[in-house]
Structures are given as structure tokens and as C-alpha cells.
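1. Provided below for reference: sequence and predicted model.
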Amino acid sequence: MRKSLKTTLLITVPLLVLAISLLLPRVRLLTAHFLPSSSSIALRHSSTSALSNMAFEKELQVALLAVQRATLLTKSVFHSHAKGTLSKNDASPVTIGDFGAQALIISALQHNFPNDEIVAEEEAKDLRENSQLRETVWELVQAAKLSDAQVEKDVLGGAISSADSMLDIIDKGDSKGGSSGRIWAIDPIDGTKGFLRGGQYAVCLALMVDGDVKVGVLGCPNLPVSDSEPLKEGIGADASDEEGRFGVLFSAVQGQGAESRPFTAGALKEGKSIQMKPLSNIADATFCESVEAGHSSQGDAANIASKLGITKPSVRMDSQAKYGSIARGAGDLYLRLPVRKDYQEKIWDHAAGDLIVREAGGMVTDVDGQKLDFSHGRTLKENKGVIAAPKSVHGKVIEVVKEVLGRPT
Ligand SMILES: Nc1ncnc2c1ncn2[C@@H]1O[C@H](COP(=O)(O)O)[C@@H](O)[C@H]1OP(=O)(O)O
Ligand SMILES: [Mg+2]
Ligand SMILES: [Mg+2]
Ligand SMILES: [Mg+2]
């Protein structure tokens, strides 16, 4: 009896070990693909109550990791390369970091959501015409990898196969946008001028469904990790070398709240729910605006602030880092006031930030109090400017904005 038990054990135990070792990688692969690995655990542990309803879970997961990988690329450009800056037709700058980050994000989206459309800021034309520039971007793209090889391969689809396919991938961001279907909006580096200056910039990604923003992610490598650090100018890329104090990912899913989490090079950290700061007296507000006077009228902002009784000077920072900063309660208002009548804001400059602020309890409209309408193509052609504020004071701010800008009431 004892002998037969021993024989049975001798046969079954090795067989069981063999079966488990054969099955484990498959189970891991499957989990990574459908409910991706370590990061999805981080998401499930996150504090956002609404994550019990997991709509857009995979989209959020992929967006966070894609933005994280692209942000690693932009950081590497900042620290070790000449920026390869070109001037676009509209005289705005574009760098090798913009091209590389766009290639990496689109590649991740195509791996996971091959039928979705993409509206992205950049195009590959300059790289097709300049082989040296193309090679530099290609080297960057090959080198940018998350430290978790499994997540890199299973969730983001691994490496792009060649320099030529990288160019085609960049050009996949040419959708016209519109009011139907699933469309992603990408700004690979928002605030390129800030990036070049060593100031704030953001890697931005949002998913719209039928013109409505459902998921938004902002990678802000030069903002403090801490949500409670007061808003201030002058925190930039030099400071970001201080171990662990800088780099944040903001995210939101419609109806599920907004979160921040520390930026890392590997698996996602746990997200923390963020909210706009309660503001009982508008005169106590801190408002932020563009560094570039050509992007937002700083004179009009000063008049509006003074009529609202605000005495603190504005905090000027580049990029959608402004949306993230007020959503986490580090500031209160974001004023973007038209400088030129003919400028149409681009959807990739606002989609992610708009959702993150609204999910943090804020209100985002244009200068006339109309919500931003992402369903009209690549631009916000039905809106002028942006006013983001806590719900409690938004109406008052719009009243004064209309008065100062002479808008119809
Ligand atoms: N005249 C303008 N008014 C408003 N925004 C502009 C204008 N010109 C460019 N931008 C855009 O403002 C964004 C940066 O905003 P901020 O000043 O808040 O950082 C950039 O994406 C930039 O687009 P682009 O990349 O095409 O230059
Ligand atoms: Mg931009
Ligand atoms: Mg850009
Ligand atoms: Mg640009």
C-alpha cells in the first residue's frame, strides 16, 4: 500500500510540476493581454471609488503606460541629445522628442486598438526628407523602453519593426477627427517651448467616443509628485533630477474621477484620487496662464483677476500641466484668453486636461461659458479660449471674463 502511494506520488508530482510550468507563461500572457499584469493590479488597488465600474479599464491602462514610455523618451532627449529642433510652417517648434513620442504612443494604440482613429499633432514629412534626423529619432525610439519587459511587450506591443514603419506609424495620426466613433487625440509634447526651456511640458493622450472625452492621461515629468505642493513657477527639468520628487501622471475616466500617480520607468504606481481645492472666496484664488504671451492674453487675465479681487500674481507655466495642477488643488483657475481672433485651439491641446479637471470636480468652458466641443474635427472651432475653475465660482469668473473681453452676455 505504502509502496503504491510512493509510486503514485513519484509519477504525479513531476507531472503536476511540468503541467504548471507549461501553463504559467500562457496564463501570464493572457492576463497581461486582457487584464494586464502588475499595472492593472495597481489600478484595481487605486482609491478611486468609481473604479468598481471598470469601463475603459484597458484603454486607461494602455494610455497610462504609453504616455509613461513616451515621457521616458522625452526625458532622454532633454538630458542627452541636441533637441533636433525644427520650425514648422506656423513657426512653432518641433523636436526629435515630439516625433519619437508620437511614434511610440501610436504604436501602442495600434497594437491594442487597431480600428481606432488617431488625431495627432505631428507628421513624418520632415523625417522622410531628412535621413539624418530620421536616424536620430529611430535610435531614440528603439532605446525608449519601460523597465518591465513583460509589460513593454505584452501591453505596448514591443518594439517598432523598422525606421520606415516608424514613419508610417507617425503618419497614422492624420485622422480628421469628428463626431462619431473612437478617436484618440495625441500631443506628444505639449508646451514644446517649455520643454526646450527646461520648464513644464506634458505628454498628452485622450480617447473620445462620438466626440465625448472618455479617457485622459497627462505625463508631466517636471511637476512635483506631491499633490499638495503649492503651485510655483520655475520648477523644471533641472529640479527633476532630485530623486523621486518630480514626475507625475494625471488620469481620468469619465464618471470615475481623476487620479495622480508618481511617474516611473516601470510598472505603474498606485493612483491617488485628486480633487479641485474648495474655494469659498474667489479673491483668494491662484490662477495660472501660459508663459507665452502669444498663446493667451496676459493683459486681459490681469484685468479679470483684478476685477475678481484676486491679488496673488498669476503662475505662468507651459502646457496642459496647468490643467493637472488645478485638478490636484495646487492652483484654482486656468485662464486662456484669445490673443488672435482667427486662432482655433487644437483638440490635442485640451482633451485630456478638460476631462481631468471636470472629473476632479471642476468646470471647463470657453470664454462664453460653452463647454469645449471636441466633435468638430482637429480643432475646437466652435470655442474661443478656455476658462477652468471650481464649479462654485465658475459662473462668477465667466461673468467677469465676458465683461472684460466685451463678449455678448
Ligand atoms: N496663438 C495661439 N493661441 C493659443 N495657443 C496657441 C497659439 N499658438 C500656438 N498655440 C498652442 O499653445 C500650446 C501651448 O500652450 P501653452 O502656452 O499653454 O503651453 C501649444 O500646443 C501651441 O501649439 P503649437 O504646438 O502648434 O505651437
Ligand atoms: Mg500642444
Ligand atoms: Mg505638441
Ligand atoms: Mg507644437
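-> Yes, it's here. Numbers count the residues shown, from 1 in each chain. Ligands and ions are numbered 1, 2, ... in the order given.
2. tell me how many other residues surround the nearest residue to residue 171 once chain neighbours are set aside.
-> Once flanking residues are discounted, residue 171 sits nearest to residue 124: 5.0 Å by CB to CB, 6 or more residues apart in numbering. Every residue, glycine included, has its C-beta placed from N, CA and C. Residue 124: 22 surrounding residues under other CB atoms under 10 Å.
3. quick one, what contacts residue 124?
-> 99, 166, 167, 168, 170, 171 (CB atoms under 8 Å, 6 or more residues apart in numbering).
4. near ligand 2, anything from the helix or strand where residue 69 lies?
-> For residue 69, the element it lies in under DSSP states H and E is helix 57-80. No - using CB under 5 Å from the ion, helix 57-80 never reaches ligand 2; the gap is at least 13.0 Å.
5. could you see whether ligand 4 lies near that helix?
-> No - figure legend: helix 57-80 not in contact with ligand 4 (CB under 5 Å from the ion); closest approach 12.9 Å.
6. ok, and for that helix, which residues are buried?
-> 57-75, 77-78 (16 or more other CB atoms under 10 Å).
7. can you give me the helices for the stretch 101-250 of the chain?
-> Ranges of helices in the stretch 101-250 of the chain, per DSSP state H, counting those that start in this stretch, are 125-129, 131-143, 149-154, 163-170, 192-197.
8. make TSV from those helices and add mean pLDDT and mean neighbour count to it.
-> Formatted as TSV, the helices of the stretch 101-250 of the chain follow (pLDDT from 0 to 100; neighbours: other CB atoms under 10 Å):
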stretch	mean pLDDT	mean neighbour count
helix 125-129	96	15
helix 131-143	95	17
helix 149-154	93	17
helix 163-170	98	19
helix 192-197	90	21
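9. mind checking which of the ones you listed is nearest ligand 3?
-> Closest approach to ligand 3 among the helices of the stretch 101-250 of the chain is made by helix 192-197 (5.3 Å; CB to the ion).
10. which strands or helices does that closest one pack on?
-> With contacts taken as 3 or more CB pairs under 8 Å, 6 or more residues apart in numbering; DSSP states H and E, helix 192-197 sits against strand 93-94.
11. so what's the residue nearest to residue 171 scoring on pLDDT?
-> At residue 124, the model reports a pLDDT of 98.
12. which one among the contacts of residue 124 gets closest to ligand 4?
-> Proximity of the contacts of residue 124 to ligand 4 was ranked by CB to the ion; the top entry is residue 99 with 11.3 Å.
13. would you format the helices of the stretch 101-250 of the chain as JSON lines with distance to residue 115 included?
-> Below are those laid out as JSON lines (distance: least, CB to CB, whole Å):
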{"stretch": "helix 125-129", "distance to residue 115": "25"}
{"stretch": "helix 131-143", "distance to residue 115": "24"}
{"stretch": "helix 149-154", "distance to residue 115": "20"}
{"stretch": "helix 163-170", "distance to residue 115": "16"}
{"stretch": "helix 192-197", "distance to residue 115": "30"}
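14. relative to ligand 2, which of the ones you listed is closest?
-> Minimum separation from ligand 2 across the helices of the stretch 101-250 of the chain (CB to the ion) falls at helix 192-197, 7.2 Å.
15. hey, C-alpha coordinates of that closest one in CSV?
-> Extracted as CSV, the C-alpha positions of helix 192-197 are listed here (Å, rounded to 0.1, in the frame of the first residue of the first chain):
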residue,chain,number,x,y,z
THR,A,192,7.5,72.3,-26.7
LYS,A,193,8.7,75.8,-25.9
GLY,A,194,8.6,74.9,-22.2
PHE,A,195,10.4,71.6,-22.9
LEU,A,196,13.2,73.5,-24.7
ARG,A,197,13.4,76.0,-21.9
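16. any idea how far that helix is from the middle of the chain?
-> Relative to the centre of its chain, helix 192-197 is centred 17 Å away, using CA atoms, centre = their mean, to the nearest Å.
17. what's the spacing between the residue of the stretch 151-300 of the chain found nearest ligand 4 and ligand 1?
-> Using CB to the ion, the closest approach of the stretch 151-300 of the chain to ligand 4 is made by residue 192 at 4.8 Å. Residue 192 sits 6 Å away from ligand 1, going by CB to the nearest ligand atom, to the nearest Å.
18. residue 305 and residue 287 touch, don't they?
-> Yes - with contact defined as CB atoms under 8 Å, residue 305 and residue 287 form a contacting pair (6.1 Å).
19. so for those two, which residues contact both of them?
-> With CB under 8 Å, 6+ apart, residue 305 and residue 287 have common neighbours 314, 335.
20. so, low pLDDT: which residues of this structure?
-> Along the chain, the model assigns pLDDT under 70 to residues 1-53, 81, 234-243.
21. let me see the contact set for residue 74.
-> Per CB under 8 Å, 6+ apart, neighbours of residue 74: 97, 100, 101, 188, 189, 195, 201, 203, 221.
22. and the stretch 201-350 of the chain, which residues reach ligand 1?
-> With CB under 6 Å from any ligand atom as the criterion, the stretch 201-350 of the chain meets ligand 1 at residues 290, 292, 294, 295, 318, 319, 339, 340, 343, 349.
23. host element of the fifth one?
-> Counting by DSSP H and E, there is no helix or strand that carries residue 318.
24. quick one, what contacts it?
-> Here residue 318 is in contact with 190, 191, 193, 194, 195, 197, 199, 200, 201, 290, 291, 292 (CB under 8 Å, 6+ apart).
25. which of these lies closest to residue 404?
-> Lowest distance from residue 404 to the contacts of residue 318 (CB to CB) belongs to residue 290, with 17.1 Å.
26. show me where the protein has strands.
-> Here the chain has its strands, by DSSP state E, at 86-87, 93-94, 117-120, 182-190, 202-209, 212-224, 246-253, 258-262, 272-274, 287-289, 315-316, 333-336, 362-365, 386-390.
27. same list, the ones you listed, but as CSV with distance to ligand 4 please.
-> Output for those, formatted as CSV (distance: least, CB to the ion, whole Å):
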stretch, distance to ligand 4
strand 86-87, 11
strand 93-94, 6
strand 117-120, 11
strand 182-190, 7
strand 202-209, 11
strand 212-224, 16
strand 246-253, 20
strand 258-262, 24
strand 272-274, 26
strand 287-289, 18
strand 315-316, 18
strand 333-336, 15
strand 362-365, 21
strand 386-390, 17
